[in-house]
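*Asks:* Give me a 3D structure for the following:
(chains A and B)
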Amino acid sequence: MNGASGAFLLLALGAALAYNLWRFTWWRQSVLLAVNGYFLWTFSRAAPAALVPLLAFVGIGYVTALIVRRRGGWVFRAGLCLEVALLVWLKRYTFLPSALLLRDTYVTVGLSYVCFRMLYVLIEAREHRLAYLNPIMYLNYTLNFLTLVSGPIQSFNNFAAQQRDASTAALTILDVGQGAERVVRGLFKVIVLSSLLAGLQASGLTLAASVTHTGQRVLVAMLIIGAYPLYLYTNFSGYIDIALGFGRYLHMRLPENFDRPFLAPNFIIFWSRWHMTLSNFFRSYVFNPLLLALLRRFPAKQIAPFLAVIGFFVTFFILGLWHGQSSEFVVYGLILALGVSVNKLYQVIAAQILGVKRYQALAAAPLYMALCRGLTFTYFSLSLLLFWSTWGQLAGLWQRLGAGALTLAVICLFVLATLVLACAVAAGSWTRSHAVLLRSRYARTALSSALACITCLVTAIVNAPAPENVYKAF
Amino acid sequence: MTHASWIRRAASNARQFFCLPQRELVLLPLVSMLTVVVLVVTAEAGCRLGWQAYGGWECLTPDARLGSRWLPNCTAHVKNPESAPAVYRFNECGFRSTRSCGPKGPGEVRLVAIGSSNVFGHWLDIEQTFPEQLGARLNRDCGGRIAVQNLGLPGMPPPVMVKRVDDAIAVQADLVLIGLSASDTFEEARFQWRDARRGLIPELLTTLRGWGRESRLVAVARHYLYENRARYIQAMLFRGDGRTMTRPLSQDYESSFQRTADAIVSMAARLRRAGIPLVLVYIPDRLRSMLYKPHDDFPGLEPDSLRDRLAALAAHAGLTFVDPTPNFRQDPDAPSLFYPADGHMTAGGQALVATATYQALRADRRLESLVECSGFTAASAVR
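*Replies:* Modelled structure (predicted):
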């Protein structure tokens, strides 16, 4: 079931109605369990056996958490390894021998996100911070229909506390309005913007086969490279908006996943604003422990900043690798890791050469920031080439468009991104100075009404299903 | 729980739910509605700028005999939102023709076309209409002997076409073509069906349909909406067009078809008495063109059921029957030969009908004396 489909909207609205009928915790948890179960069932194509691996995976996570809660130490490490190994096995990474893999078709939707939630439970169990753990709460947390497919990733304690508090909270018209506003914004992003951008990129790919003039080839290459990050953003953040909006109706304050990432002044900050819950997870449970371990192993103060560079490299390599099972994602991980670690290295070296104050002054200069934003966007766009294509497709593009046109396209994309993002920043500061008017309830109501109208019209006219959630594959 | 306490609790819950000031509870829905109105008005204005439409009826005048007719020597510049600009020019008789309707010149063969909008060539220039394209083809063989007089009138039902036979005889026709599409035989039945659905919702739908007909935004939206095959077929089926596509034809449509059949038989008889051959041209529509390719998504719909009935009728009445269906079937994108929202044939669709008619005239031995020319070869018939 697509998160922007009519069926999903009906399911979510029905769930919200039933959920708010009574305030008893048992009632609300039962409603959630039923809806989560039904949502998961829709992916099984009426074959219950297809759900068994995923449910077994979730069940193992619960048992492991119970054991870890009583006995930490090596049990935790063993549990952690077991869950990650099961994820790799169930996701059929290409390096695994095929004889080891399950032969039957089974549901893998949201497997990574389920695993992240299970890891949260495991970590909180080890730290004895796990309150309210019971099978129903655990299932509702790990298989939450709003966040199953693509997150956001919420900690178990956060989820459980909200659900416990929900018994005393009543839904108000403000919640309804704010939730609807978020859902409408999400639907607009997914149905209108991401469809448009996907169409633009697809037409670029089609045109690539026929264009001959250098100028045209540069434009087509710019379209192919530059449209995808915008498509990915509108698609992913749109689905997140829908989840967050409906979450309001179910007393779930789900964490934000995006914070104007393209306005980030460098690649490190970009990743703290893009897919934030995943980045935070990796920061907390990969980068920080790794850096601590490195600092313990190499305690010299002079090399501490360089250890952070290594920490970034390893963290982002794993993060990139997590996205897919093929060799393209190994290189994607390397590119991400290089981007972030080189960014960090540059910061360290520049601060050493210029001095911290002068470097900070330089980093705050508007022109420098604008150029950095353009560079960040361009680098991210290039890294995504390995995210959406295969080696064969890339070779084909290289042959059709040529090295010269591609190089020129990257330079033009950098210039264009720099200019457009500078305008966006200026528009953002203008908006902030007029925040009282623009963020008033009336302006937001008007904007949401307009977006809803446009979305309905486009849905009726296009008569095609909304673009699939890109992160569904992960 | 007593009723009173239940009501008190419900009231308390409602107060808790509507936690906004009363002013906002009124103003916010108003703002929302106002936004929608502003958006619709802006979109309508934008569509009127980008999708121009004008003209069409300024040359039309009420007529006691026919209901309406074209004014003689009148010219109208027309365009619908989906079409290119076109010109309607009428001769001294109010017929759409480049030739005079006066006494025939020596050797002139006068071909008269009777029918509704598809024969008239709605939204097209005269040279794009199928009677004129047919005339041009025949003239390539016959050296300009063929003169076409188009007596088409959009919306003309078959009983009125019968009255047009007098005009055809008066203008000394040598050959009369009658073009019929499903909508010509169906309009009456559809109106009856609509009338049968009285009630609040049908009335509301009728009112909305009235607004929709006037709105350019709706026209543009329909254009894009109807480019989708499934949506278009569903919309046409909702309109009731599916009843012309059953085999046998549905009971309520059968009576409407019978009126059409009676009209054709009557026209054939009168023209036979005047010694003028009659050719019945079947004109496919967009709905049927979407169902020509093998499909299983709309079971029970037979795109050829009406054609077969008309063919049987023509055979019974001894008429030449023109079936352009194979030409439309062969076209890889037959639905594009019609304007999606307007439904009329484009110049491409008219060309296919002209080709089929040309081939049928050439193949019919009864018409040899009329269209036999020295330049004709078998190859040109296939062209």
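
*Asks:* Now do the contacts for whatever residue of the stretch 251-400 of chain A ends up closest to chain B.
*Replies:* The stretch 251-400 of chain A approaches chain B most closely through residue A:251 (14.3 Å), counting by C-beta to the nearest C-beta. Yep, even glycine has a C-beta here, placed from its N, CA and C like the rest. Taking C-beta atoms under 8 Å, 6 or more residues apart in numbering or on different chains, we find residue A:251 in contact with A:19, A:28, A:162, A:163, A:165, A:166, A:169, A:171.

*Asks:* Can you tell me which of the residues you listed is closest to residue A:85?
*Replies:* residue A:163 (30.3 Å; C-beta to C-beta).

*Asks:* Quick one: residues contacting residue A:100.
*Replies:* Neighbour list for residue A:100: residue A:89 [criterion: C-beta under 8 Å, 6+ apart].

*Asks:* Could you rerun that using 10 Å?
*Replies:* Shown in contact with residue A:100 (C-beta atoms under 10 Å, 6 or more residues apart in numbering or on different chains): A:89, A:92.

*Asks:* Could you list the low-confidence segments of chain A?
*Replies:* For chain A, the stretches with pLDDT under 70 are A:167.

*Asks:* got the residues of it near chain B?
*Replies:* A:20, A:170-177, A:440-454, A:457-458, A:460-464 (C-beta under 10 Å from any C-beta of the partner chain).

*Asks:* Kindly give a single PyMOL line that selects the buried subset of those residues.
*Replies:* Only the buried entries of the residues of chain A next to chain B go into this PyMOL selection, using 16 or more other C-beta atoms under 10 Å in any protein chain shown:
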select buried, chain A and resi 20+171+175+177+441+442+444+445+446+447+448+449+450+451+452+453+454+457+458+461+462+463
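
*Asks:* mind listing which of the residues of chain A next to chain B are in strands?
*Replies:* Per DSSP state E, strands hold no members of the residues of chain A next to chain B.

*Asks:* Just the residues of chain A next to chain B: which are in helices?
*Replies:* Using DSSP state H, the subset of these located in helices is A:173-177, A:441-454, A:457-458, A:460-462.

*Asks:* Quick check, central residue of chain B?
*Replies:* Centroid-nearest residue in chain B: residue B:344, 4.7 Å away (criterion: C-alpha atoms, centre = their mean).

*Asks:* can you pull the contacts of the spatially closest residue to that one that is not a sequence neighbour?
*Replies:* Spatially, and ignoring its direct neighbours in sequence, residue B:344 is nearest to residue B:122 (4.8 Å; C-beta to C-beta, 6 or more residues apart in numbering or on different chains). For residue B:122, the contact set (C-beta under 10 Å, 6+ apart) comprises B:56, B:78, B:80, B:83, B:86, B:88, B:116, B:129, B:152, B:154-155, B:339, B:342-345.

*Asks:* okay, who's weakest in those residues by pLDDT?
*Replies:* Confidence by pLDDT is poorest for residue B:56 among these, given 73.

*Asks:* quick check, residue B:69 in a helix?
*Replies:* No: counting by DSSP: H, G, I helix; E, B strand; the rest coil, residue B:69 is located in no helix; its state is strand.
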